[in-house]
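3D, please:
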Amino acid sequence: MEKPVRLCSMTLLFLLVGILPLVFAGHDYGQALSKSILFFEAQRSGYLPSTQRVQWRGNSGLNDGKASGVDLVGGYYDAGDNVKFGLPMAFTITMMSWSIIEYGKQMASSGELGHAMDAVKWGTDYLIKAHPQPDVLYGEVGDGNTDHYCWQRPEDMTTSRQAYKIDPSNPGSDLAGETAAAMAAASLVFRRYNPSYANKLLSHASQLFEFADKYRGKYDGSITVAQKYYRSVSGYADELLWAAAWLYKATNNQYYLNYLGKNGDALGGTGWGMTEFGWDVKYAGVQTLVAKFLMQGKAGQYAPVFEKYQQKAEYFMCSCLGKGTHNVKKTPGGLIFRQRWNNMQFVTSASFLLTVYSDYLASAGRNLQCASGSVPPSALISFAQSQVDYILGDNPRATSYMVGYGSNYPQQVHHRASSIVSVKVNPSFVSCRGGYATWFSRKGSDPNLLAGAIVGGPDAYDNFADERDNYEQTEPATYNNAPLLGILARLHGGHSGYNQLLPVVLPTPKPIVTQPKPAPKPKVDPSPASSSAPISIEQKATDSWVTKGKTYYRYSTIVTNKSSKTLKGLKLSVSKLYGPLWGLTKYGDSYVFPAWINALPAGKSLEFVYVHSGSPADVSVSSYNLE
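Below you'll find the predicted structure:
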């Protein structure tokens, strides 16, 4: 949770700057991706589903919103506390969605796309509840003051669960704008797999954008209890542009493109040269998205305006790379450093922008133009990778700042739920102050592993104290992890092989007049691999949807090495396939392991998915070796 008030560094600059060459290191980005998604399950509020993997957590916040006559059960706790703050939660969902939009193909190949989409939907389901009327949005449940007085498991909360809202008399354009952006971005995630849900999200997003633009004001002037924790220092102009950019991306509605073109100067999108990006300051994110629209040839009459957005996007990239007139600071070990309090949020967010912009430039066939000269796209992703590697342990302390990754990671995380014995192990009530005396003050490791959590991180000199009361460095946050999903998927899966500037393949969003009956899924029996007993293949339909009168199915196929030896040289025959397939590499007339897998150890499985409008494809084993 953010507590001190930050002052944003915004400087009107028009010069572009250079880059810093960095080294690569070997890490298991696939494992890190899995853990980073798992973290969100530990942050869940509400009734936990049967698919919950973080078993030490229980149901919590089950009466949220009841006193206000609205159902606000669900959503995420933002950090190590038990408050639900709307602004950082919405930003978290926006960034998780952007990660999937750009690198969902890589996530699918590693078997994590479903988990990532579940993480987004847990958030958007809550945001839908929090928006019960077009001009009403609930932006906080609980308050930091009473919450911080107590150290309790979410399951034991005795603190205030008052709900706070914005409306026309008490506006909050930044909160409404960010929530609109989150819902618009999430609609792209679900467009192919759940179009009715995607349309519902778009309806909320458009209403929230209209509300944000019509009734202007900072949300912390209306929800004043948020000022001490998530004060909107940058104001709401960036969120209005951010929301418009995501709504244009989700709808292709010219209205939102016009909004970006006509308001770029007045709302600062073309003027602010930024060196940070995060839950408060969105300008660099807006500028990156608009630069993509420009490179896609969508700017039209606004090309001169969009070029100014792009100049500021590239100013941000060059500043991160270290040769600008106003560069980001770095620790001696090479980590981006902005502030002692939860510095990692800026590291992961900046690294994400560098990663996607690298791929945009590569797809456009051009270099980054900095003051020091032309910089190839590979330099951007190399720097982003250096930041990820630092987080995962390549740093002067050899400490992984992702809990549960590597052998040396924080053991005393500033996190109520992980630091107190699970309610499932010991259901005895933990009182408000008793939690401080019994659990907060103990020097031992946390009883529950908060796997995947990215903590606040080291200071300006790479120093770090693994102590529970050192909240500046040991508290995690959802918005630290959200941008990391995309970077890890990209580093693990490599480049997807397609032009990153091509539009997302989606059916045209249309309003739902009546709810159609879902098409029945075909019965799918597990299909044998062949007569080869050591290898099993099981297929199942995991989703279906109707587009233009045709029913499409998403199939998941699990290949398992049932032998006691390592499976190599696997070749699969896939026939009667009428759509795209993810998770395997085409090799002549066969399919082989993807580039990041050389072999399948004994007992391990590989998942690939495909989408088409027919019954399951015929999948069989052509050849293999057991060694």
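
which parts of stretch 227-242 are buried?
Buried positions in stretch 227-242, judged by neighbour count with 16 or more other Cβ atoms under 10 Å: 228-232, 234-242. (Each C-beta comes from the backbone N, C-alpha and C, glycine too.)

need the max-distance pair from these.
Greatest spacing in the buried residues of stretch 227-242, by Cβ to Cβ: Lys228 and Leu241 (26.8 Å).

now render the buried residues of stretch 227-242 as JSON lines, adding distance to Glu472, secondary structure and pLDDT.
Listed next are these as JSON lines, based on distance: Cβ to Cβ, whole Å; DSSP: H, G, I helix; E, B strand; the rest coil; pLDDT from 0 to 100:
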{"residue": "Lys228", "distance to Glu472": "15", "secondary structure": "helix", "pLDDT": "94"}
{"residue": "Tyr229", "distance to Glu472": "14", "secondary structure": "helix", "pLDDT": "95"}
{"residue": "Tyr230", "distance to Glu472": "16", "secondary structure": "helix", "pLDDT": "96"}
{"residue": "Arg231", "distance to Glu472": "17", "secondary structure": "coil", "pLDDT": "95"}
{"residue": "Ser232", "distance to Glu472": "21", "secondary structure": "coil", "pLDDT": "95"}
{"residue": "Ser234", "distance to Glu472": "21", "secondary structure": "coil", "pLDDT": "94"}
{"residue": "Gly235", "distance to Glu472": "25", "secondary structure": "coil", "pLDDT": "96"}
{"residue": "Tyr236", "distance to Glu472": "27", "secondary structure": "coil", "pLDDT": "98"}
{"residue": "Ala237", "distance to Glu472": "29", "secondary structure": "helix", "pLDDT": "98"}
{"residue": "Asp238", "distance to Glu472": "25", "secondary structure": "helix", "pLDDT": "98"}
{"residue": "Glu239", "distance to Glu472": "26", "secondary structure": "helix", "pLDDT": "98"}
{"residue": "Leu240", "distance to Glu472": "31", "secondary structure": "helix", "pLDDT": "98"}
{"residue": "Leu241", "distance to Glu472": "31", "secondary structure": "helix", "pLDDT": "98"}
{"residue": "Trp242", "distance to Glu472": "27", "secondary structure": "helix", "pLDDT": "98"}
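
for these, which one is nearest Lys571?
Set against Lys571, the nearest of the buried residues of stretch 227-242 by Cβ to Cβ is Trp242 (46.7 Å).

make sure that closest one is actually in contact with Glu178.
Yes - using Cβ atoms under 8 Å, Trp242 is in contact with Glu178, at 6.9 Å.

shared neighbours, the two?
Thr94, Lys282 (Cβ atoms under 8 Å, 6 or more residues apart in numbering).

among the buried residues of stretch 227-242, which one lies nearest to Lys298?
Leu241 (15.7 Å).

check contacts around the closest one.
Tyr259, Leu260, Asn263, Gly264, Leu267, Gly268, Gly269, Lys282, Tyr283, Val286.

for stretch 379-390, C-alpha coordinates in PDB please.
The C-alpha trace of stretch 379-390 is given here as PDB (Å, rounded to 0.1, in the frame of the first residue of the first chain):
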ATOM      1  CA  ALA A 379      18.400  -2.800 -27.000                       C
ATOM      2  CA  LEU A 380      15.100  -2.000 -25.400                       C
ATOM      3  CA  ILE A 381      14.100  -5.600 -24.600                       C
ATOM      4  CA  SER A 382      17.700  -6.300 -23.500                       C
ATOM      5  CA  PHE A 383      17.400  -3.600 -20.900                       C
ATOM      6  CA  ALA A 384      14.000  -4.800 -19.800                       C
ATOM      7  CA  GLN A 385      15.400  -8.300 -19.400                       C
ATOM      8  CA  SER A 386      18.300  -6.900 -17.300                       C
ATOM      9  CA  GLN A 387      15.700  -5.400 -15.000                       C
ATOM     10  CA  VAL A 388      13.800  -8.700 -14.700                       C
ATOM     11  CA  ASP A 389      17.000 -10.600 -14.100                       C
ATOM     12  CA  TYR A 390      17.900  -8.200 -11.300                       C
END
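
give me the contacts around it.
19-25, 27, 29, 32, 317, 320-321, 333-336, 347-348, 350-352, 354-355, 357-359, 361, 368, 394, 484, 487-488, 490-491.

with stretch 29-40 instead?
Under Cβ under 8 Å, 6+ apart, the answer for stretch 29-40 is 53-54, 76, 96, 107, 110, 112, 115-116, 119, 122, 388, 392, 402-405, 450-454, 476, 478, 481, 484-485, 488-489, 491-492, 596.

average pLDDT for that stretch?
For stretch 29-40, mean pLDDT is 98.

which SSE is Tyr624 in?
strand 618-626 (DSSP states H and E).

do Phe209 as well
Secondary structure from DSSP H and E places Phe209 in helix 195-214.

likewise Tyr610?
Judged by DSSP H and E, Tyr610 forms part of strand 605-612.

packing partners for that strand?
Other helices and strands packing on strand 605-612, by 3 or more Cβ pairs under 8 Å, 6 or more residues apart in numbering; DSSP states H and E, are strand 550-561, strand 581-582.

which of these has the lowest average pLDDT?
strand 581-582 - the lowest mean pLDDT of the helices and strands packed on strand 605-612, at a mean of 75.

keeping just the C-alphas, turn the strand holding Tyr624 into CSV.
Extracted as CSV, the C-alpha positions of strand 618-626 are listed here (Å, rounded to 0.1, in the frame of the first residue of the first chain):
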residue,chain,number,x,y,z
ASP,A,618,-7.3,-36.1,-34.8
VAL,A,619,-4.1,-36.1,-32.8
SER,A,620,-1.7,-39.0,-32.9
VAL,A,621,2.0,-39.8,-32.3
SER,A,622,4.1,-40.1,-35.4
SER,A,623,7.5,-40.8,-33.8
TYR,A,624,9.5,-40.3,-30.6
ASN,A,625,12.5,-41.4,-28.6
LEU,A,626,12.8,-42.4,-25.0
